[in-house]
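> Sequence plus predicted model, see below.
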Amino acid sequence: MASFAVRIVNYMIRTPLAVTAAILAALSPTKKPASHPAPKASEPPAEVPARASAPVAPVAAKPEPVKEEAPAAEPQHAPVVKAPLPTTAAAPSQITYSQCHVDGPYVAMTFDDGPHGSQTPRLLKMLQQRNIKATFFVVGKCVAQYPELAKQIVAEGHEIANHSWDHPLLSKMAEGSVREQLQKTHDVIKQTTGVTPTLMRPPYGGFTVNQRSWANGTWGYKCILWDVDSLDWQHKTPAKTESIILSNTKAGSIVLVHDIHKTSIDAMEATLDGLAKKGFKFVTVSELIAMNKPGTPAKTKPAKTLAPSAGAAAATSIDELARPAAASIR
Ligand code: NI
């Protein structure tokens, strides 16, 4: 009687598990499929409330625009989410730029959060020695504190742009406060240097889509993010700043550095020389945007422009590094 069962048990003991499992599965074909239909049959009542609550779904989907507005990592203080947001996706009336699509080996170095009493002058000297033009996203209160440096930035051919009055997260602020942050900075730049800024960069990259549109309508600002984040404020290691920038910069890149940290400026001579050696040419952000080819995929490779010493391998790695970054932006 029990001999059949005993045989099966004995067989199972000797047989490899996988085979046993397969046999068991074959022996109980009805059970598995049945286990699915069973809950399904009992589900309808449960599904009704689920469907009834379906209209909630669109409500839950509404926060999506907020996701687009999520701040990117840029700050020199708090740890933040990595990577910038929207890239050069929109075509005709593009407001936000993280990078540009250009034919030549052009890149824009951008320096944030200054002017700084000691580091900005060091940087300006390095730039002047190399005849490099950069873009300074200045904090209004620092312009008020160091007006001579703001003037020097402009006098030496660099672009100066709005980075708010005292570096708050604008995306979390009411319109009146945002207006004040940007207007005060707009005014102090204009009054100090005679230049009317046309670009802004939100602290932490945090600026909602609506805010971008509104700032563009109010001051004509383009919202400038970045595609190469040196993370200089975080690691404060010159060699890292240099290697991150050298390995990630490609034609059309907008490179983010902060000219308020000694370690950042310590890295700049080698970084600038390294980029130049790779064949890159430096322009301001506005110049880069003027060269932008809307709608063109980011296929501009620095390969053609690389110095012979850089080699094809470097070009490949640059490209590979650039793509996931661009993809994650969307
Ligand atoms: Ni900043």
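Done, it's in. Numbers count the residues shown, from 1 in each chain.
> ok, now how distant is the closest residue to Val154 other than its chain neighbours from Thr185?
In space, and not counting its chain neighbours, Val154 is closest to Thr193: 4.3 Å by CB to CB, 6 or more residues apart in numbering. Bear in mind the C-beta positions are built from the backbone N, C-alpha and C, glycine included. To Thr185, Thr193 is 12 Å away according to CB to CB, to the nearest Å.
> before we move on, what about Ile289?
Using CB to CB, Ile289 is found at 20 Å from Thr185.
> who has more neighbours, these two?
Set side by side, Ile289 and Thr185 show more neighbours around Thr185, with 26 against 20, by other CB atoms under 10 Å.
> Secondary structure element holding the more buried one?
Secondary structure from DSSP states H and E places Thr185 in helix 175-193.
> Dump that helix to PDB, restricted to CA.
Extracted in PDB, the C-alpha atoms of helix 175-193 (Å, rounded to 0.1, in the frame of the first residue of the first chain):
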ATOM      1  CA  GLU A 175       7.300  84.100  -6.400                       C
ATOM      2  CA  GLY A 176       7.800  87.300  -4.600                       C
ATOM      3  CA  SER A 177      10.900  86.000  -2.800                       C
ATOM      4  CA  VAL A 178      12.300  84.500  -6.000                       C
ATOM      5  CA  ARG A 179      11.700  87.800  -7.800                       C
ATOM      6  CA  GLU A 180      13.600  89.600  -5.000                       C
ATOM      7  CA  GLN A 181      16.500  87.200  -5.200                       C
ATOM      8  CA  LEU A 182      16.900  87.600  -8.900                       C
ATOM      9  CA  GLN A 183      16.000  91.200  -9.200                       C
ATOM     10  CA  LYS A 184      18.400  92.400  -6.500                       C
ATOM     11  CA  THR A 185      21.200  90.400  -8.100                       C
ATOM     12  CA  HIS A 186      20.300  91.600 -11.600                       C
ATOM     13  CA  ASP A 187      20.400  95.200 -10.400                       C
ATOM     14  CA  VAL A 188      23.700  94.900  -8.500                       C
ATOM     15  CA  ILE A 189      25.400  93.300 -11.400                       C
ATOM     16  CA  LYS A 190      24.100  96.000 -13.700                       C
ATOM     17  CA  GLN A 191      24.900  98.800 -11.400                       C
ATOM     18  CA  THR A 192      28.400  97.500 -10.600                       C
ATOM     19  CA  THR A 193      29.600  96.400 -14.000                       C
END
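> after that helix, next one along is what?
Helix 175-193 is succeeded, C-terminally, by strand 199-200 (DSSP H and E).
> what's that next one in contact with?
Residues from elsewhere that reach strand 199-200 (CB atoms under 8 Å, 6 or more residues apart in numbering): 135, 137, 159, 161-164, 182, 215, 219, 221-224, 285-286.
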